[in-house]
Each structure stands twice: as C-alpha cells, then as structure tokens.
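>>> generate coordinates for the sequence data below:
(2 chains)
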Amino acid sequence: MAAGTETASAESLSSELSQRQHRTLWGDVWLRFRRHNLANIGVVVLVLLVIGVLAGPLIYTVDPEYSFIVDDINSINQPPSVNYPLGTDDLGRDTLARNLFGGRISLAVGVVAMFVSITFGTLVGVLSGFFRRLDNPLMRFTDLMLALPSLPLLLVIIMLFRDSLKALLGPELGIFLLVVLVIGILGWMPTARVVRGSVLSIKEKEFVEAAVSVGTREPAILWQHILPNVLSPIIVSATLGVAAAILTESALSFLGLGFPSNVPTWGRLLFENKDFITQNPWLVIWPGMFISLTILSINFIGDGLRDALDPRQRR
Amino acid sequence: MGQYLVRRILTIIPTLIAISFVIFAVLDLAPGDPTSALPETIRPEVRQQIRKAMGLDEPFPVKYGLWMRQFFVNEPLSLIEKAFDIQIGDGEKRLRVTSWGSRGVPVMDMILERVPQTLWVVGLAYVVAIVIAVPIGVVSAIRQYSIFDQVGTFISLIGYSIPTFFTGLLMILLFSVKLKWFPMIYDTNLQVVDWHSFVEQLRQSAMPVAVLGFFQAAILARFTRSSMLDNIPMDYVRTATAKGFRERYVVIRHILRNSLIPVVTLIALGIPAIFSGAIITEQIFRVNGLGALLIGAIQLNDIPLVQTVTFIFACLIVAFNLIADVIYGILDPRIRYN
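Below you'll find the model as predicted:
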C-alpha cells in the first residue's frame, strides 16, 4: 500500500504539476475505471437490476405465488399487458412478481457463494504463498480439487444431501445454504492460485524486506504489508466469482436440481417455463434476459476493474 | 522429455486414487438404498439378505477396495474382451459394476451406448469453435482497436456471458418455433444411411452444435487475441519486419506460430469442460448422450452409474491436463523439464 501511494504521488508530480492535485491509489483506480465505457454501462445496469430486485417487490406488491385463474379463467400464459406488465405463466401467476422475487435469490446466492469461495481461496492462497512448508501440500490439494468434475459433482452432492438439509433447516434455508456452500467450496481454486502467485512475488519486494529488518512480526507483515497488496487480484476474482456463482446456480436450477418449485430463482423459472416456449415465449425470455444482463454487466465491471487495478497501466 | 513423461504419468496414479476416493466417499456417505427400487412386497428379512449379498453391510474400506478392483481391473478386462473379441480368464464370473436402476445391466455398456451421440455433438461443436475463433482472434489482434476488433471483442464477451441454456432456448424459439428450420428435439434413433438422412442428421445437430460452439468460440477468440497481443510487441517481430518481410509472412510465420502455443494448450484443457457443458446442452435439445444419462441416473438414485460417469469425467480432466502439458513441451522448445 505504502509503495503504491508513493509511486502514484511521484507520478502526479511529473504529469500533473500544474494542477497540484493530490492523487491516491484508489483515486487513481477510480479515474481509470471511469474511463472504461463498458464497465460504466455495466455498473449502471447492475445497479438498476439490484435496486429493481430489492425495492421492486415493495412497490409491485403482487404475490408471486398467487394464481389469477381464481379471478379470471383466461389469465394463463398471457403476453405482457397493462394488467400483467410481463405477462403470466401457465398457472396464471404474475411473471414480473416471480422474476423480481427470483432475482433476489439468484443475486443473494451469487454474493454469498462468492464470499465463501473468496474467503477460502484467499486463505489457502495466502497460507501457501507465505509459508513455504504449507505450499506443496496446499497446492497439491488445489490441483486435486481442480481435477474434480465440478458440474457433475455439484449435481450429485445437491441431490444427495438435499433431503437431509431440508429436514434440518427447512426447505428454503436448507437448500440455500447447501447450494451456496457447495458452489463456494467447488469454486475457490482459481482465487487461491492467483493469490498465491501475488503473495509469492510481493514477499520478495523490498518493502517487505524492510519490514522484516525492523523486526515486524509475521502476522503484522501478512496483514499490513502483504494482504493490502494482493487486494486487487482478490477484488477482480470476487467480481467474476459473483457472475460464476449466479451462472452455476442457474444451471443447477435449470437442470431441476436447485431450489424447490416454490422458490422461483431465475434459473428455476427457465426450467419450469421451457416446456411452454411455444405457447408463451415471454416466460423464457424474461428470466433468461435478466440472468444474461446480470452476468454481462458483472463481467464488464470485472474487465474494467482488472484494467483499472493493473499497476502496469498506471500513467 | 521421456523422463519427464514417465514422472508425469506416475503422478497421475495418486491423483486418480484421491479423486476416486472423493467420489466414492461422497456417494457412499449419502443416504440411498439400492433395494428401494425393489417392490414393496419383499419381506424385510429377504431385503436384508439382498443387501448382504450385494455387500452393502461391509465396512467402508472393504467396499472401497472392492469397488476399486471392479473399476480398475474387471471393467478394463471386459472392455478389452469386447473390443478384441477374446477371452481373458473366466469372463462370466467376473463381477462388473452394474446399474441399480436397470436391473443388473453393466454400467459400462450403458455408457458406451451413449458416448457416440455426445462425441458427435461435442466434437463437432469444438471443431466449429476452433475454426471460427482462431481467425477472429488473430485478425482482432492485428487490427487492434479497429471496428472489427471492437465488434468481435464485444460479441465474444456476450457469447461467454449469456448462459448456454438461454442461447439454446432462444435458438429453439427462433429456428424451431418461428422459422421451423430445425427440429426442436434431437432424434437419437436416426440412422445415417443415405444423403437424405445425412442432411437430416446435420439439421438436427445444427442447434446444439451452434450453442456449444458459440460459447467455446467466445472463450477461444478472447484468448487467441490476448496471446497474439502478447507477441506482437516482441523484439523478434520487429527484427522480422525490419528485415523486410511482408506483413502477412511475419504474422503467419512468426507471430501466429508463437501465439498458438498457449492456445493449443487451452484447447486441450477445454475438452473436459466442454463435456460438462454438454450436460446442459443435451438437456435443452434432448440429446440422448452421456449428460442425459448422468441426469437420469441422479434422479433415479442409481449410485453405481453416477459414480462411474462422474469418475469418467474426472479421468478426462486428468488425461487432458497431461496431454496439454506434453503438447506444451513439444511445441515450445524453451520449456525444459529437467
């Protein structure tokens, strides 16, 4: 961190002497990020989606499970209209309400699973990069995990432990925890490798040597000198991790092995509605579009962050 | 190289043992009972005897050892027997891994039935992806920041962000429902005997291949582009240009050759992943392949079948990791293994 601020301020002296503006590391990152057009579009779209999903059900108070057949027998498989903004499904349920509600779960799964995999990946990466004795066993373990076929294994684990967790914690919380944990535990390996690589190179830098020479203890070196400097690869892989987790959850639900039918995640909506594609294509288009927009904007943001955080790009 | 190869192959053995242990343990720990598919009228004592005869009451290490023998000795022997039509020992008595779902059918036979469909779709998709992606990646890198590059980069970002299950459904919507060009469901029983049935086969493969191929092409094109961009500013490129070679020659003989080394490795590493990706594609278009077999087995709680298919996927990953390492060593003489 200290080194980064120093180079940044040294450069600001040469390039922006006239402005005499103080520049910080994160200020620079922000400036570079703002220059990345696609990433900015990504931020706008993602923020809109998140606000829509969080605030939407509070404003649009239609019960996602309520079937409008009760009021009107013709209200099944409706295209978008004034009464039903995004149409209705084969049971006469409101598509907008279901998509808003489903988005909450899809995004929540993405974020929580990302935290699981980033925490674990960072832990393994830092430990194996910093402590030479742990390096070999931990990396062997990472290689082994990478050789496991993740999608088949995910399907198998979820299908096998679904019923016992459902009995233990209830259908919604149980499945949520299972999906999130399994996606996180099968997804930490790339983070661990990237973090280990960064730790290995930063460990040899002069400022770490200086810290060691003045008698800084190992935990302090780790926390104050190494960890802040590996933040940028962690941030990038966390961003992309959210997208990967949302994608995995949707794939699981699409195969019918994710959440139960009363929890309409976007993937689950695709799975349930794919058989009605001829009667009412909107049913498939909406959730698919929301998933794609989310993943696309997160990937754009990830690209922008990677460019913005790359020290070689610093001008 | 030879020595490296031997060492590298030897490291495969502990990896495979560890993977097989994980897969076996996960499935063995899980609840589920092979006798649950039997009729309810069977008395509990009889059921107990069936369980005993199947070896379900043995302790975990014994079960694991027996499964290993079945998988690593019995199954390969039977496969060799079948392939060369010869007898090795007492083939009838050899215990094979059998399915719980379809009573007593050897799992391997079920898998072999499904492999051709998956290989056809996956293989074709991968070839299409490579043929499209590499030239696009090369041209975008040479004309960096041109319109072609920007459009290509944008499309490839979209291609790898939109999940295959959505592109698949969109294609069905457009080409089967609206335009009626291609059939919605893949017919596995179709026999290619004449020109007409061959065209029919191509028509029904078009959409699954396009979906899987587009996704892979997006990844490959991005990677080819960045690999080319790594090589373009190199000194040897400047030297070649300075010697007066034409641009086309420099690109093809110098830049492309060096840039393709990591691309070829990525292609090898991506093959197992595309098999897993096929699980979803097969589900969309109802292709009766390996992925469909796995999903069906999971739903039926057919543990031996699930174990075997998952383990085959794991073997593919390990094998192609090795192949990628070896190709890298052959293509790039700078890499020394000693």
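>>> tell me which residues in stretch B:298-308 are buried?
Residues of stretch B:298-308 classed as buried by neighbour count (16 or more other CB atoms under 10 Å in any protein chain shown): B:Ile298, B:Asn301, B:Asp302, B:Ile303, B:Pro304, B:Leu305, B:Val306, B:Gln307, B:Thr308. Any C-beta I mention is one placed from the backbone N, CA and C, and that applies to glycine too.
>>> cool, and stretch A:274-282?
Applying 16+ other CB under 10 Å to stretch A:274-282 flags A:Lys274, A:Phe276, A:Ile277, A:Asn280, A:Pro281, A:Trp282 as buried.
>>> stretch B:254-261 now?
For stretch B:254-261, by 16+ other CB under 10 Å, it's B:His254, B:Ile255, B:Leu256, B:Asn258, B:Ser259, B:Leu260, B:Ile261.
>>> list the contacts of that stretch.
Stretch B:254-261 is contacted from outside by B:134, B:138, B:141, B:224, B:227-228, B:230-232, B:234, B:236-237, B:240, B:328, B:331-332, using CB atoms under 8 Å, 6 or more residues apart in numbering or on different chains.
>>> pLDDT weak spots in the stretch 1-150 of chain A?
Applying pLDDT under 70 to the stretch 1-150 of chain A flags the ranges A:1-21, A:75.
>>> can you give me the helices for it?
Ranges of helices within the stretch 1-150 of chain A are A:2-15, A:25-35, A:37-59, A:95-130, A:132-147, A:150-169, based on DSSP state H, counting those that start in this stretch.
>>> off-centre distance for stretch B:20-30?
Averaging C-alpha positions (CA atoms, centre = their mean, to the nearest Å) puts stretch B:20-30 22 Å from its chain's average.
>>> got the buried residues for it?
Going by neighbour count (16+ other CB under 10 Å), the buried part of stretch B:20-30 is B:Ser20, B:Val22, B:Ile23, B:Phe24, B:Val26, B:Leu27, B:Ala30.
>>> my guess is the fourth one contacts B:Tyr64. True?
Yes: counting by CB atoms under 8 Å, B:Phe24 does reach B:Tyr64; the two are 5.5 Å apart.
>>> and B:Ala129, what pLDDT?
Note for B:Ala129: predicted pLDDT of 92.
>>> thinking it is in contact with B:Thr224, fair?
No: using CB under 8 Å as the test, B:Ala129 is too far from B:Thr224 to be in contact (11.2 Å).
>>> closest to B:Gln191 out of the buried residues of stretch B:298-308?
Closest approach to B:Gln191 among the buried residues of stretch B:298-308 (CB to CB): B:Leu305, at 26.2 Å.
>>> the closest one reaches B:Pro106, doesn't it?
No: using CB under 8 Å as the test, B:Leu305 is too far from B:Pro106 to be in contact (10.2 Å).
>>> who touches both of the two?
With CB under 8 Å, 6+ apart, B:Leu305 and B:Pro106 have common neighbours B:Ser99.
>>> about what we covered before: want to throw the buried residues of stretch B:20-30 into TSV with distance to chain A, secondary structure and pLDDT?
Below are these laid out as TSV (distance: CB to the nearest CB, whole Å; DSSP: H, G, I helix; E, B strand; the rest coil; pLDDT from 0 to 100):
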residue	distance to chain A	secondary structure	pLDDT
B:Ser20	11	helix	87
B:Val22	7	helix	85
B:Ile23	8	helix	84
B:Phe24	12	helix	84
B:Val26	6	helix	81
B:Leu27	7	helix	78
B:Ala30	4	coil	68
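>>> return the residues of the stretch 201-338 of chain B in contact with chain A.
Within reach of chain A by CB under 8 Å from any CB of the partner chain, the stretch 201-338 of chain B has these residues: B:272, B:276, B:279-280, B:283-284, B:294-295, B:298-299, B:306, B:309-310, B:313-314, B:316-318, B:321.
>>> again, 7 Å this time
Residues of the stretch 201-338 of chain B found near chain A (CB under 7 Å from any CB of the partner chain) are B:276, B:279-280, B:283, B:294-295, B:298, B:306, B:309-310, B:313-314, B:317-318.
>>> give me the neighbour count for A:Ala245.
Around A:Ala245 there are 26 other residues, counting by other CB atoms under 10 Å in any protein chain shown.
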